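K.L.:
Turn this into a structure:
(one chain, ligands or ions: 1)
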Amino acid sequence: MSDHAMGHDVVLETRGLTKRYGGVHALENANFVIRKGEHVAIMGDNGAGKSTFVRQITGVEQPTSGEIAFDGSVVNFDGPLDARRRGIEAVFQNLALADDLDVPSNLFLGREKIKFNLGPFSILDGKGMREATLQALKKTAVKIPNLSSTIRHMSGGQRQCVAIARTATFASKLIIMDEPTAALGVQETAQVENIVRTLKNNGEALILISHNMRQVFDLVDRIVVFRRGRIVANLNKSETDGQDVVAYITGAKTGAEFAEGAL
Ligand SMILES: Nc1ncnc2c1ncn2[C@@H]1O[C@H](COP(=O)(O)OP(=O)(O)OP(=O)(O)O)[C@@H](O)[C@H]1O
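P.N.:
Below you'll find the predicted structure:
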């Protein structure tokens, strides 16, 4: 894929992205595009290849073959840090929060604001991190009653909100959420969904992996369906419905009509 072949509004594009684990074909020839400000859902049955795809585009793993173009050029992510440095942030099912730290410390985990260095020691800018946390929560419409409480003392929904606020604070180009509400109750789910809507209003590009059809139709512009490691459908929300999507997920519709390059 030549760099200039990408539209200028394309944030991320994969071409022929393939991942094999020994003999397991977890991801086969995935062609995927997401543009600026777009919210795209990835759906598919268990084992369809959704998480494998996300691991390749977040630098957690290196693909077996295929290309990833990000922000205008072909990239090979060295690791997750490399992807993060370029502006891709993901909220994974295991939230990677530190249980014994408070909200600002978790938001800045690994990226702490330093006030000054004293020999080998770094003195953290606690006030700066607290202020930046308040701003980040405001920007993402995340409501956390007490910034000083440790993660251990928070509900599942609040933890998820902290993880999302962290993602949204540092993701300059692309946010990825892997099943963000799978473990949450009704109210907590509503809160997370509100945050996703706010991110849409803020013009952020977002990939949402979800099994929840209502949520997907509520929150995204486009639905990409994975089945047995392949992308079998790329559907504009306005041109499809839940039954149609389920048909692709289960294989009742084969996706043979899903033309290469139709993205
Ligand atoms: N590290 C690995 N080693 C071997 N096989 C793997 C590995 N990771 C995933 N797989 C296999 O690759 C296929 C795709 O798995 P993946 O986890 O990407 O699916 P998924 O769509 O994310 O499923 P789920 O909804 O259950 O999370 C499955 O057959 C899975 O068993």
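K.L.:
Kindly report the residues of the stretch 1-150 of the chain close to the ligand.
P.N.:
By the rule CB under 6 Å from any ligand atom, the part of the stretch 1-150 of the chain lying against the ligand is 21, 24, 26, 44, 46-52. All C-beta spots, glycine's among them, are computed from the backbone N, C-alpha and C.
K.L.:
Among the residues you listed, the buried ones, what's the PyMOL command?
P.N.:
With 16 or more other CB atoms under 10 Å as the criterion, this PyMOL line picks the buried residues out of these:
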select buried, resi 26+44+48+49+50+51+52
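K.L.:
Quick one: residues contacting I57.
P.N.:
Counting by CB atoms under 8 Å, 6 or more residues apart in numbering, I57 touches 12, 14, 17, 68, 83, 88, 176.
K.L.:
Distance of the second one relative to V245?
P.N.:
The one in question is T14. Distance, T14 to V245, using CB to CB, to the nearest Å: 21 Å.
K.L.:
Neighbour count: these two, which is higher?
P.N.:
Taking other CB atoms under 10 Å, T14 and V245 do not tie; T14 has more neighbours (25 against 21).
K.L.:
out of the contacts of I57, who has the most neighbours?
P.N.:
Counting neighbours by other CB under 10 Å, the top entry in these is I88, with 28 neighbours.
K.L.:
Look up how far A48 lies from it.
P.N.:
With distances taken as CB to CB, I88 is found 21 Å from A48.
K.L.:
low pLDDT regions in this structure?
P.N.:
Within the chain, the stretches with pLDDT under 70 are 1-7, 93-95, 255-263.
K.L.:
quick one: furthest residue from the center of this protein?
P.N.:
What lies farthest from the middle of the chain is G119; by CA atoms, centre = their mean that is 38.2 Å.
K.L.:
Thanks again, I'm all set now.
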